[in-house]
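**Student:** predicted model follows, preceded by the sequence.
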Amino acid sequence: MNDEGRGKFVVVAIIWLMICAGGVVGWKYFFAPRQKEVVIEQSGSDPRFQTQVSMAIDSFSGYAVFRSPEFKEELAKLGIGLNLRDDKANYPERLKALQKGEVDLAVFTIDALIAASSQSGESPATIVMVIDETTGADAMVAKKSAVPNLDALNRADARIVATRGSPSETLARVVMAHFNLPLLDKNPWVDANGSEDVYRRLMAADAKTPQAFALWEPFVSKALEDPSVAVLIDSSKFRGYIVDVLVVRREYLVKEEARVKQFVEAYLRAAHALREQPGGMAALVAADAKQQGEPLTEAQAKNLAARIWWKNTQENYAHLGIVSGSDAQGVQHLEEMLRNITGVLVKTGAIPRDPTAGQPNKWYYDKLLKKLQEENYHPGLMIAGDTPDKIQAPAALSPLTEQEWGRLQEVGKLEVESIVFARGTSQLTDQSRQVLDQLCKTLETWPQYYLLVRGHSRKDGDPEANRLLSEARAKTTAEYIQSKGIGDERVRAVRSEPAGAGGESQTVSFVLGQKPY
């Protein structure tokens, strides 16, 4: 064999060696493992979860259903696995996680969603369901000797101790937006780190320093064990401001709408089952607290559960406007909640402007629940002997006796534009009727308070004539409010003794009151 032949032979041999080596490598790293995978697949089972859903959450007891074994089992039946990401209620980071696609769903209080979206300049998620509303879990309290009622905060040196970014701060902002506190500093905050910190500061507070303390359960109940402390206002007295919602990343919803619908159905089924279990939602709260390493006593769990209104299927239909009128039984539309909360945040300087640009309808998606309602979806109908969910109608205020009206505890004076009457009469002007129409809308969100319409009159002139005029003006105003659907049992016209000579002495004021605790 000549040199050329030997060279060709060497080249061919090398090529064959490379092919063989490649075959060995291919067998070792591809064909053999794949063969093993085939064997494993043939001798195994289908995966339990066809898909995984990621969700941002925190430890609030109102979210306990999402952490429950019952909910996870409902999802598992649908082939859905759930990854919960606890961000310790860092709402800006929660919104960023949605923007980046790190999570598909998240829970928010409506105020936190609006504030975080305003800060980021973007609304990457839309509301698909109302989870719950606090009905007393958040409160503003104070030392009785320092701040006996909300009017006592109407001074430049008054301060509000609160955890910023919490629902309790929102409660305080609701007070600042709706009550007549012109002397209160626009930035009255003393920053605290959690409800326990607020509680410690309350216990250490001077009995004469004008401070209010915004905190949440179980520290509200602990604070009230001290006889020197009283509730100024709590979230059971108003509605539609401290509300938790489920949001979905918009891109994920467009792509996986059917999956999100399954998720919502599973939640509503689990919540219904947990509500019907022995011990009800208190048992869920107790189990959830223990799981998170913060055990509650039975009494604490019952008290906390009683202060959270978990929204069922029917209530969600009402909130999303899918049922309306008398069928909604007074449940607020989500759009109304969004407008009211945005108004409070803008008015109190929490955000510079309305991030919804006057279009709150762009912030929620009602089609999922519409489909459920069209399918006659009611969790209770799926269980033999069970009953469908019903709307929880708010408790009506009971009529007061003369003696009870006399003992009514004044909470504070509402901030309302001056009511103008025709000169020397009790006749309302068109402008004043418009003001009262808006007041009636506000009163609908404060259903657990009585209203005193207090007529005022000037000190100069005939005292008796002035008294009669102030009484007539208060009565005319009260009757107009009652004609707009505010219950007669809630409203009473009263007159004040003549005082002063300015415009405030020729109008009426509006004071919210409650039975003494």
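**Tutor:** Perfect, I can see it now.

**Student:** what's the first-to-last distance across stretch 174-190?
**Tutor:** In stretch 174-190, first residue to last residue: 17 Å (C-alpha to C-alpha, to the nearest Å).

**Student:** looking at it now, give me its mean pLDDT.
**Tutor:** Mean pLDDT, stretch 174-190: 96.

**Student:** buried sites along it?
**Tutor:** Val174, Val175, Met176, Ala177, His178, Phe179, Asn180, Leu181, Leu184, Pro188 (16 or more other C-beta atoms under 10 Å). Yep, even glycine has a C-beta here, placed from its N, CA and C like the rest.

**Student:** repeat for stretch 97-109
**Tutor:** By 16+ other C-beta under 10 Å, the buried positions in stretch 97-109 come out as Ala97, Leu98, Val103, Asp104, Leu105, Ala106, Val107, Phe108, Thr109.

**Student:** include pLDDT, distance to Leu224 and secondary structure when you put the residues you listed into CSV, please.
**Tutor:** Listed next are the buried residues of stretch 97-109 as CSV, based on pLDDT from 0 to 100; distance: C-beta to C-beta, whole Å; DSSP: H, G, I helix; E, B strand; the rest coil:
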residue, pLDDT, distance to Leu224, secondary structure
Ala97, 97, 37, helix
Leu98, 97, 38, helix
Val103, 98, 38, coil
Asp104, 97, 41, coil
Leu105, 98, 36, strand
Ala106, 98, 33, strand
Val107, 98, 28, strand
Phe108, 97, 29, strand
Thr109, 96, 24, strand
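
**Student:** show me the buried residues of stretch 174-190 that map onto helices.
**Tutor:** If you go by DSSP state H, those have Val174, Val175, Met176, Ala177, His178 in helices.

**Student:** among the buried residues of stretch 97-109, which one lies nearest to Ser61?
**Tutor:** Nearest to Ser61 out of these is Val107 (C-beta to C-beta; 12.2 Å).

**Student:** wait, the closest one sits on Val247?
**Tutor:** Yes: between Val107 and Val247 a contact is recorded at 7.5 Å, counting by C-beta atoms under 8 Å.

**Student:** still on that earlier bit, now the buried residues of stretch 97-109 in CSV, with distance to Ala273?
**Tutor:** Converted to CSV, the buried residues of stretch 97-109 look like this (distance: C-beta to C-beta, whole Å):
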residue, distance to Ala273
Ala97, 30
Leu98, 29
Val103, 26
Asp104, 24
Leu105, 21
Ala106, 24
Val107, 20
Phe108, 25
Thr109, 25
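
**Student:** those helices in the stretch 401-517 of the chain, which residues are they?
**Tutor:** Here the stretch 401-517 of the chain has its helices, by DSSP state H, counting those that start in this stretch, at 402-406, 430-444, 463-483.

**Student:** so which of those comes closest to Ala395?
**Tutor:** helix 430-444 (14.8 Å).

**Student:** what does stretch 194-205 contact?
**Tutor:** For stretch 194-205, the surrounding residues in contact (C-beta atoms under 8 Å, 6 or more residues apart in numbering) are 141, 143, 146, 161-163, 166, 168, 190, 192, 211, 213-217, 219, 222-223, 226, 229.

**Student:** what does stretch 217-226 give?
**Tutor:** 136-139, 141, 195-196, 198-199, 202-203, 213, 215, 229-231, 234, 296, 300, 303-304, 307.

**Student:** so which of those residues sit within helices?
**Tutor:** Short answer: the contacts of stretch 217-226 in helices (DSSP H) are Ser195, Glu196, Val198, Tyr199, Leu202, Met203, Gln300, Asn303, Leu304.

**Student:** if we can go back for a sec, and the ones in helices among the buried residues of stretch 174-190, which is closest to Leu428?
**Tutor:** Of all those, His178 has the smallest distance to Leu428: 22.0 Å, by C-beta to C-beta.

**Student:** ok, that closest one to Leu414 distance?
**Tutor:** Distance check for His178 against Leu414: by C-beta to C-beta, to the nearest Å, it reads 6 Å.

**Student:** which neighbours do the two have in common?
**Tutor:** Contacts common to His178 and Leu414, judged by C-beta under 8 Å, 6+ apart, are Thr442.

**Student:** let me know how buried the nearest residue to Lys88 once chain neighbours are set aside is, in neighbour terms.
**Tutor:** Leaving aside its sequence neighbours, Lys88 sits nearest to Asp58 (C-beta to C-beta, 6 or more residues apart in numbering; 6.0 Å). By the criterion of other C-beta atoms under 10 Å, Asp58 has 17 neighbours.

**Student:** distance of Asp58 relative to Ala289?
**Tutor:** When distance is defined by C-beta to C-beta, Asp58 is 14 Å away from Ala289.

**Student:** select the longest strand from the protein.
**Tutor:** strand 125-134 (DSSP state E).

**Student:** that one to strand 105-109, inter-axis angle?
**Tutor:** 50 degrees (axes from the mean of the first three to the mean of the last three C-alpha atoms, to 10 degrees).

**Student:** give me the helices and strands touching strand 125-134, please.
**Tutor:** Secondary-structure packing of strand 125-134 (3 or more C-beta pairs under 8 Å, 6 or more residues apart in numbering; DSSP states H and E): helix 110-120, strand 243-249, helix 250-255, helix 257-276, strand 308-310, helix 313-319, helix 367-374.

**Student:** just for this structure, where's the confidence low?
**Tutor:** 1-48, 381-386, 500-505, 517 (pLDDT under 70).

**Student:** domains of it?
**Tutor:** 1-44, 51-133+243-382, 138-234, 402-514 (automatic domain parsing).

**Student:** same list (those) but as a markdown table, adding distance to Ala396.
**Tutor:** Listed next are the domains of the chain as a markdown table, based on distance: least, C-beta to C-beta, whole Å:
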| stretch | distance to Ala396 |
| --- | --- |
| domain 1-44 | 60 |
| domain 51-133+243-382 | 10 |
| domain 138-234 | 19 |
| domain 402-514 | 7 |
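
**Student:** between these, which gets nearest to Ile391?
**Tutor:** domain 51-133+243-382 (4.7 Å).

**Student:** how far is the closest one from where the chain is centred?
**Tutor:** Chain-centre distance of domain 51-133+243-382: 9 Å, with C-alpha atoms, centre = their mean, to the nearest Å.

**Student:** Thr429 and Met129: what is the separation?
**Tutor:** 44 Å.

**Student:** who has more neighbours out of the two?
**Tutor:** The residue with more neighbours, out of Thr429 and Met129, is Met129; 26 against 12, by other C-beta under 10 Å.

**Student:** excluding chain neighbours, what is closest to the more buried one?
**Tutor:** Residue nearest to Met129 in three dimensions, not counting chain neighbours: Leu246, with 4.4 Å by C-beta to C-beta, 6+ apart.

**Student:** and the one you found, what does it touch?
**Tutor:** Leu246 makes contacts with Leu105, Ala106, Val107, Ile127, Val128, Met129, Val130, Ile131, Val264, Tyr267, as judged by C-beta under 8 Å, 6+ apart.

**Student:** for stretch 477-493, buried residues please.
**Tutor:** Residues Thr477, Ala478, Tyr480, Ile481, Gln482, Ile486, Arg490, Val491, Arg492, Ala493 are the ones in stretch 477-493 that count as buried (16+ other C-beta under 10 Å).
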